[in-house]
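In: quick one, fold the following:
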Amino acid sequence: MKKFLLVLAFFATHLALRAQILPTFGDSRTGGSGMQFLKISPDAKGMSLAGAHVATVNDVSSMYWNPAGITRSDTAKFHAMVSHSRYFGDISGNFAGVLFKPGKLSYLGVQVFSMNYGTMEETTEFESRGTGRTFTVSNYTIGVTYAKVLTNSFSFGVNAKYANEGFAGMHIHNALFDLGLQYNVGIKHTRFGINFSNFGFNVRPGGEVTILKFNGTQQIESFSNVSVPGLFRLGFAFDPIHNNTHVLTAIGQLNHPTDNNETYVLAAEYSYLKLLYLRTGYEFGSDERYIAPSAGIGLKLNKRMGGLAIDYGFLAKERLGSVHRLTLSMYLR
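Out: Numbering: from 1, shown residues only. Predicted coordinates for the structure are as follows:
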């Protein structure tokens with residue numbers, strides 16, 4: 001099993017590197033898939049690192065970034081996380097997840113993520129101030145994760161997710177899968193991670209949408225197939241400073257989405273006494289330009305029977321504005 005996963009990781013990395021050399025026609029694949037909410041990360045730590053979290057993630061948020069990471073979590077019994085994100089226009093996102101350790105080398109996790117957009121006014125090309133009608137949008141995922149430690153250095157994990165997107169009477173249902181690998185090289189605390197997210201089939205939306213025309217209303221019941229935003233991530237990390245007081249981690253990551261340009265991320269995390277954490281990161285090549293590097297701070301309180309962690313992340317982009325995210329974690333040994 002371990003040999004198979006290593007071979008799979010090698011070929012996946014080879015294909016990803018080739019994809020950088022061979023350009024995509026039109027240069028950009030922007031807008032090539034639906035269910036865009038699947039790209040939204042759930043935790044403050046990952047956001048403050050600008051998403052460069054595949055190689056280093058080791059908590060409940062691993063179920064989003066890299067399912068293999070749950071094998072590195074600080075728990076022997078139970079680990080829980082809740083997160084709240086605040087966006088522009090009263091839009092918010094919420095995440096909750098729990099991890100268990102049913103066996104000596106195996107881990108299980110359950111996650112729920114949802115976006116809340118509130119009630120919005122309908123506008124058209126001819127009624128820019130509103131038609132008098134309103135509509136709602138709903139996005140959520142429910143997932144189950146299994147991960148296993150194969151050696152002291154190598155682990156893998158897999159997610160199975162149900163995703164739902166609803167928009168003004170139309171709805172999309174899909175079953176998706178993620179695969180993740182983490183490997184600790186053992187030199188200078190060097191490790192790398194590989195993640196394939198959102199394997200799924202193209203699906204046809206269902207439901208009925210009523211649109212306004214000059215001569216009345218029209219019912220639309222037939223829609224085109226919608227694909228999901230698949231994503232390949234390859235991340236590396238090492239610690240140039242690592243002792244009992246200070247730990248400095250340098251991180252690099254390649255993101256290769258199926259519906260957009262490739263991006264590259266550089267990030268760093270500093271911890272003092274494994275108590276206080278400072279983080280920053282920057283994503284290069286993103287369609288939505290960063291105003292400044294992302295940033296965050298974390299506080300982790302360890303006790304004999306468990307611990308508590310609080311993380312805050314901040315991200316500012318040119319058009320979407322500022323995003324604030326707060327995450328609370330608790331674990332029992």
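In: the stretch 51-200 of the chain: strands as residue ranges?
Out: 78-86, 92-100, 106-121, 134-149, 154-167, 170-184, 191-199 (DSSP state E, counting those that start in this stretch).
In: tell me which residues are up against the first one.
Out: Looking back up the chat, that one is strand 78-86. Residues from elsewhere that reach strand 78-86, judged by C-beta atoms under 8 Å, 6 or more residues apart in numbering: 40, 42-44, 47, 59-61, 73, 92-100, 323-332. Every residue, glycine included, has its C-beta placed from N, CA and C.
In: just the buried residues from those residues, in ChimeraX please.
Out: The following ChimeraX line selects those of the contacts of strand 78-86 that are buried, judged by 16 or more other C-beta atoms under 10 Å:
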select :40,42,43,44,47,59,60,61,73,93,95,96,97,98,99,323,325,327,329,330,331
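In: now render the strands of the stretch 51-200 of the chain as JSON lines, adding distance to Asn244 and mean pLDDT.
Out: Putting the strands of the stretch 51-200 of the chain into JSON lines (distance: least, C-beta to C-beta, whole Å; pLDDT from 0 to 100) gives the following:
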{"stretch": "strand 78-86", "distance to Asn244": "24", "mean pLDDT": "94"}
{"stretch": "strand 92-100", "distance to Asn244": "27", "mean pLDDT": "95"}
{"stretch": "strand 106-121", "distance to Asn244": "27", "mean pLDDT": "93"}
{"stretch": "strand 134-149", "distance to Asn244": "25", "mean pLDDT": "93"}
{"stretch": "strand 154-167", "distance to Asn244": "25", "mean pLDDT": "95"}
{"stretch": "strand 170-184", "distance to Asn244": "19", "mean pLDDT": "95"}
{"stretch": "strand 191-199", "distance to Asn244": "20", "mean pLDDT": "96"}
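In: tabulate these (TSV), appending distance to Gln219.
Out: Shown next, in TSV, are the strands of the stretch 51-200 of the chain (distance: least, C-beta to C-beta, whole Å):
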stretch	distance to Gln219
strand 78-86	36
strand 92-100	32
strand 106-121	21
strand 134-149	15
strand 154-167	16
strand 170-184	12
strand 191-199	31
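In: ranking those strands by burial, who's on top?
Out: With neighbours taken as mean count of other C-beta atoms under 10 Å, the strands of the stretch 51-200 of the chain reach their highest mean count in strand 191-199, at a mean of 23.
In: could you look up the SS state of the nearest residue to His53 once chain neighbours are set aside?
Out: Spatial nearest neighbour of His53, excluding adjacent residues (C-beta to C-beta, 6 or more residues apart in numbering): Gly46 at 4.1 Å. Three-state assignment for Gly46 (DSSP: H, G, I helix; E, B strand; the rest coil): helix.
In: alpha carbons of stretch 126-146, as CSV, please.
Out: Listed next in CSV are the C-alpha coordinates belonging to stretch 126-146 (Å, rounded to 0.1, in the frame of the first residue of the first chain):
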residue,chain,number,x,y,z
PHE,A,126,-33.5,46.7,-17.1
GLU,A,127,-34.3,46.8,-13.4
SER,A,128,-30.9,47.7,-11.9
ARG,A,129,-32.6,49.0,-8.7
GLY,A,130,-34.4,45.8,-8.1
THR,A,131,-37.5,44.0,-9.4
GLY,A,132,-39.2,43.8,-6.0
ARG,A,133,-38.4,40.1,-5.8
THR,A,134,-35.8,38.4,-3.5
PHE,A,135,-33.9,35.2,-3.6
THR,A,136,-31.5,33.2,-1.4
VAL,A,137,-28.3,31.2,-2.0
SER,A,138,-27.3,28.2,0.1
ASN,A,139,-24.0,26.3,0.0
TYR,A,140,-22.9,23.5,2.4
THR,A,141,-20.8,20.4,2.5
ILE,A,142,-20.8,17.4,4.9
GLY,A,143,-17.8,15.1,4.9
VAL,A,144,-16.2,12.0,6.5
THR,A,145,-12.4,11.5,6.6
TYR,A,146,-10.3,8.5,7.2
